[in-house]
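> Coordinates for the following, if possible.
(4 chains)
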There are 2 protein chains.
Amino acid sequence: MRDNATNSQARPLYQQVKEYILEKINSGMLQTGMQIESEAELVSALGFSRMTVNRALRELTAEGRLTRIQGRGTFVAEKKVQSSLLEIHAIDKEIRARGGTYSCTVHLLQEEKAKPSIAASMGLAPYSQVFHSIIVHKDNDVPIQLGCRYINPQVAPHFLEQDFTKCTVSDYLLSLAPVSAVEHVVEALIPDSWIRDLLGINGSEPCLALYRKTWVDDKIATHSSFYYPGSRYTLGGKFVPSSVGSIGII
Amino acid sequence: MRDNATNSQARPLYQQVKEYILEKINSGMLQTGMQIESEAELVSALGFSRMTVNRALRELTAEGRLTRIQGRGTFVAEKKVQSSLLEIHAIDKEIRARGGTYSCTVHLLQEEKAKPSIAASMGLAPYSQVFHSIIVHKDNDVPIQLGCRYINPQVAPHFLEQDFTKCTVSDYLLSLAPVSAVEHVVEALIPDSWIRDLLGINGSEPCLALYRKTWVDDKIATHSSFYYPGSRYTLGGKFVPSSVGSIGII
DNA sequence: AAGGCAAATATGTCTATACAATCAACATCA
DNA sequence: TGATGTTGATTGTATAGACATATTTGCCTT
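Numbers count the residues shown, from 1 in each chain, chains lettered A, B, ... in the order given. Below you'll find the model as predicted:
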């Protein structure tokens, strides 16, 4: 019931099933939206057990290549360029990984009443109490990134008592509770004067802004990052499909 | 051997195992790097079969929450904020999905000798022949994005014969061969005058640039996008962990 | 013709069993 | 001492069988 000899060296059977399907998709034999063979048909065509075929189809579905509907069948998903899991690494680790020396300056760390626009983006009533921090991250004492956070006090009650020159805000927040959702928005802008001052920008060069909104249950924290002009940031790294591992320098 | 009554309604058993592990991680009982119970221990602790436990641990590993080493054990992976699969959608579909009317203008479509810097980024010898296209994408006839591509002729031999006002370049390229790797870099810049002309920018406003490098086997295609100033782009959408589905407006 | 029921088909899950592959630690032998 | 083999623990893969659930189709009844 096995036929590994003709095939190449010792690839798992479920992997062979995945390649069999992908080959049909990539060669154009199976087009977007078309129904593919049922599990039972694949079993009799390939001679593997149903559980093996099922695993292959389940993984291809998780990877976004197929769509399955119970009772109907399995279909080829729409073709998209898709990067791997977008992992957001802490800036201090990124700097150290590049061989730099990380340091940071805490310019503001206080509780305050949120302006209506801020409060609205956090799902709070206007002038609710929120924590606010402004921190400049430096590589070899050169400012690289300005991070501005607003945090719902319910997420991190002891936020003000932390020493964020020792442990980054990200590390602290991640240690408290699991993140249930994230959203990222990126923008190019000419920074305001207070940002220019803190980052040490002279002219009116454009800088990259990255806004992150993080949900912990239904509590929201926001994080606005402004990067020193001229910097380039890799968003997904080179990746091999269906692997997890790329890096976002953010 | 089942105990679904006390637990909530009809969640699959492997899902219950996943939640059991995640609960231990999120509550802090299991810290980053620590070894978790072996499959055999989970089997006797939870009363499910080993295959069910194995599926749960396998999926948590694919989702980046655990690390498994054959012969050693299963360990808690480093905590990261991770977005879902970053899917790159074609700009024409994005504009139509927002209710706009898409159109585009092909400003250049030719074969040329690649300058050394371009050739180097594509892994080609200086002054190799490459295809070069410059296309402006519009929403209701307002320029939104300028796309500039260099393509290895081996990837798309009939590139010059296509009518890209009907079918987008992305759709055409994706129909030819599967993408084996992708890399994205984002930058803020003051656009050159030729970009300002094509996008209809008057002042010296900053715009967002997104550079994409795509591998098809070892052949490389590059794509530089410049967005109209003031635009904001969502990178991962709000997402629920370990689901595939968010959208990148790019 | 309309409604309802049953069968066929398809995916979703779970289990018990088996064997393979890898690693660490220990024991053995030269 | 150093090299080598053995053993136990652990993960990785594969299978057959069973039952659950969802969808479609067609037949049968009214």
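
> Quick one: residues contacting whichever residue of chain A sits closest to chain B.
Using C-beta to the nearest C-beta, the single residue of chain A nearest to chain B is residue A:206, 2.7 Å away. Every residue, glycine included, has its C-beta placed from N, CA and C. For residue A:206, the contact set (C-beta atoms under 8 Å, 6 or more residues apart in numbering or on different chains) comprises A:188-190, A:229, B:188-190, B:206-207.

> how about the helices in chain A?
Ranges of helices within chain A are A:13-26, A:39-46, A:50-62, A:91-97, A:116-121, A:169-176, A:193-199, based on DSSP state H.

> Go through stretch A:181-200 and flag the buried ones.
A:181-191, A:195-196, A:198-199 (16 or more other C-beta atoms under 10 Å in any protein chain shown).

> what does stretch A:198-216 give?
In stretch A:198-216, the ones that count as buried by 16+ other C-beta under 10 Å are A:198-199, A:201, A:205-216.

> do the same with stretch A:57-67
Of the residues in stretch A:57-67, A:57, A:59-66 count as buried by neighbour count, 16+ other C-beta under 10 Å.

> swap in stretch A:43-52?
Neighbour-count burial for stretch A:43-52 [16+ other C-beta under 10 Å]: A:43, A:46, A:48, A:52.

> DNA strand C contacts on chain A?
A:10, A:38-41, A:50-51, A:54, A:57-58, A:61, A:68-74 (C-beta under 7 Å from any atom of the strand).

> Which stretches in chain A count as strands?
A:66-69, A:73-76, A:81-89, A:102-113, A:129-139, A:142-151, A:181-189, A:207-216, A:219-227, A:232-234, A:248-249 (DSSP state E).

> Out of the ones you listed, the one nearest residue B:103 is which?
strand A:81-89 (22.4 Å; C-beta to C-beta).

> Rounded mean pLDDT for that closest one, please.
Mean per-residue pLDDT for strand A:81-89: 54.

> Then stretch A:220-239?
71.

> same question, stretch A:16-34
91.

> ok, now stretch A:37-50?
Average pLDDT, stretch A:37-50: 95.

> Which positions in chain A make contact with DNA strand D?
A:1-2, A:12-15, A:47-52, A:69-72.

> Looking at chain A, what residue ends up closest to DNA strand D?
Closest residue of chain A to DNA strand D, C-beta to the nearest atom of the strand: residue A:71 (2.4 Å).

> pLDDT at that residue, what is it?
If you check residue A:71, the pLDDT there is 94.

> can you pull the contacts of it?
So residue A:71 contacts nothing (C-beta under 8 Å, 6+ apart).

> what's the answer for the one 5 residues further on, then?
By C-beta under 8 Å, 6+ apart, the contact set of residue A:76 is A:25, A:30-34, A:36, A:65-67.

> mind running it again at 10 Å?
Residues in contact with residue A:76, defined by C-beta atoms under 10 Å, 6 or more residues apart in numbering or on different chains, are A:21, A:24-25, A:30-36, A:60, A:65-67.

> List buried residues within the residues you listed.
A:21, A:24-25, A:30, A:36, A:60, A:65-66.

> rewinding a little: in the buried residues of stretch A:181-200, find the pair that's most separated.
Top of the distance list for the buried residues of stretch A:181-200 (C-beta to C-beta): A:181 and A:196, 32.5 Å.

> Does chain B have contacts with stretch A:37-49?
No: with C-beta under 10 Å from any C-beta of the partner chain as the measure, stretch A:37-49 is seen stopping short of chain B, the closest distance being 12.7 Å.

> Just the pLDDT for residue A:57.
At residue A:57, pLDDT is 96.

> Name the residues linked to the residue lying closest to it once chain neighbours are set aside by a beta bridge.
Nearest non-adjacent residue to residue A:57, counting by C-beta to C-beta, 6 or more residues apart in numbering or on different chains: residue A:74, 5.9 Å away. Beta bridges link residue A:74 to residue A:68, judged by DSSP bridges.

> Which pLDDT value goes with residue A:74?
95.

> isn't it right up against residue A:33?
No: the pair residue A:74 and residue A:33 does not pass the contact test of C-beta atoms under 10 Å, sitting 11.7 Å apart.

> where do the contact lists of the two overlap?
What both residue A:74 and residue A:33 touch, as defined by C-beta under 10 Å, 6+ apart, is the set residue A:67.

> quick one on the thing from earlier: need the contacts of residue A:76 in JSON lines (columns: distance to residue A:165).
Below are the contacts of residue A:76 laid out as JSON lines (distance: C-beta to C-beta, whole Å):
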{"residue": "A:21", "distance to residue A:165": "52"}
{"residue": "A:24", "distance to residue A:165": "56"}
{"residue": "A:25", "distance to residue A:165": "52"}
{"residue": "A:30", "distance to residue A:165": "56"}
{"residue": "A:31", "distance to residue A:165": "57"}
{"residue": "A:32", "distance to residue A:165": "52"}
{"residue": "A:33", "distance to residue A:165": "55"}
{"residue": "A:34", "distance to residue A:165": "58"}
{"residue": "A:35", "distance to residue A:165": "59"}
{"residue": "A:36", "distance to residue A:165": "56"}
{"residue": "A:60", "distance to residue A:165": "47"}
{"residue": "A:65", "distance to residue A:165": "46"}
{"residue": "A:66", "distance to residue A:165": "49"}
{"residue": "A:67", "distance to residue A:165": "49"}
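
> Looking at the residues you listed, which is nearest residue B:223?
Nearest to residue B:223 among the contacts of residue A:76: residue A:32, at 21.5 Å, using C-beta to C-beta.

> Where does the record place the domain boundaries for chain A?
Residue ranges for the domains of chain A, per automatic domain parsing: A:13-76, A:88-249.
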